[in-house]
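Engineer: The following comprises the amino acid sequence and a computationally predicted model.
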Amino acid sequence: MFGRSRAEPDRRPGDGDDVDAAVVAAAKRNPRRFAVLYRKYLAQVYSFAFYELGNHHDAEDVTERVFLSALSALPRFEERGAGASTFRVWLFRIARNAISNQRRTLARRREAPAALAEHVPGEVDPARLALRNEEHGAAWQAVARLPADRRRAIVLRFVEEMSTAEIAAVMGRSEGAVRVLLHRALRSVARDLGRGSAS
């Protein structure tokens with residue numbers, strides 16, 4: 001339903017950590033090496049910001065701020081080799097905070113949150129998406145109507161393909177709480193889609 005063709009197991013904490021650890025260490029010694037991390041995670045951070053904000057311009061601004069913040073804070077980052085302390089999780093925590101700040105800025109500018117929520121994530125023109133793939137569009141519209149914490153958990157799991165441990169670290173919750181969020185979110189989406197097909 002959300003772009004995965006088959007069920008995939010959670011990534012285990014520690015998958016790929018050694019590769020990032022070496023690059024992070026190199027970037028600490030020479031900030032020009034940060035470009036490797038930037039290229040690796042640019043699309044993931046941007047898509048997270050876009051799915052959260054629903055606007056390409058805002059997502060680009062947030063993405064730029066995330067990487068500038070990460071570069072300046074990199075000397076203080078310590079990777080401990082567990083899922084909750086990987087560079088990727090740390091970067092997504094920065095992104096989560098930057099997205100929250102952007103939302104506050106948008107609220108101060110009196111931009112209606114409802115207008116942002118009307119956009120189907122991943123597509124500028126919802127009508128064209130619905131014509132091309134009505135079921136996919138309806139599912140993402142249902143996701144857009146979820147409370148923020150449930151929507152964020154769904155995006156991190158099915159778009160960013162994070163493990164439960166990684167999502168828990170990004171959101172500052174326990175793994176059990178994340179599983180409950182995902183379960184309730186998927187149940188709400190299924191209920192929403194069921195109502196839509198019955199009408």
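Structural biologist: Good, I have the coordinates. Residues are numbered from 1 along each chain as shown.
Engineer: So for this structure, the centremost residue is which one?
Structural biologist: Residue closest to the mean C-alpha point of the chain, counted by CA atoms, centre = their mean, is F48 at 3.2 Å.
Engineer: I'd say that one and R157 touch.
Structural biologist: No: using CB atoms under 8 Å, F48 makes no contact with R157, being 11.7 Å away. Just so you know, the C-beta spots here come from the backbone N, C-alpha and C atoms, and that holds for glycine as well.
Engineer: Quick check: neighbours shared by those two?
Structural biologist: Counting by CB atoms under 8 Å, 6 or more residues apart in numbering, F48 and R157 have no contacts in common.
Engineer: which stretches of the chain form helices?
Structural biologist: In the chain, the helices defined using DSSP state H lie at 17-29, 34-53, 56-73, 87-108, 113-117, 126-132, 134-144, 148-154, 164-171, 175-198.
Engineer: now the closest residue in space to P31 that isn't next to it in sequence: how far from L37?
Structural biologist: Leaving aside its sequence neighbours, P31 sits nearest to L71 (CB to CB, 6 or more residues apart in numbering; 6.5 Å). Applying CB to CB, to the nearest Å, the value for L71 to L37 is 9 Å.
Engineer: same question, A59
Structural biologist: 19 Å.
Engineer: Report how many residues lie close to A168.
Structural biologist: 23 (other CB atoms under 10 Å).
Engineer: give me the low-pLDDT residue ranges for the chain?
Structural biologist: In the predicted model, the chain carries pLDDT under 70 at residues 1-19, 80-85, 108-137, 196-199.
Engineer: Show me the contact partners of stretch 37-49.
Structural biologist: By CB under 8 Å, 6+ apart, the surrounding residues in contact with stretch 37-49 are 20, 23-24, 27, 58-60, 62-63, 66-67, 70, 87-88, 91-92, 95, 98-99, 102, 122, 155-156, 159-160.
Engineer: From the chain's centroid, how far away is that stretch?
Structural biologist: Centroid displacement of stretch 37-49 relative to its chain, using CA atoms, centre = their mean, to the nearest Å, is 10 Å.
Engineer: same deal with stretch 98-105?
Structural biologist: How far stretch 98-105 lies from its chain's middle: 14 Å, per CA atoms, centre = their mean.
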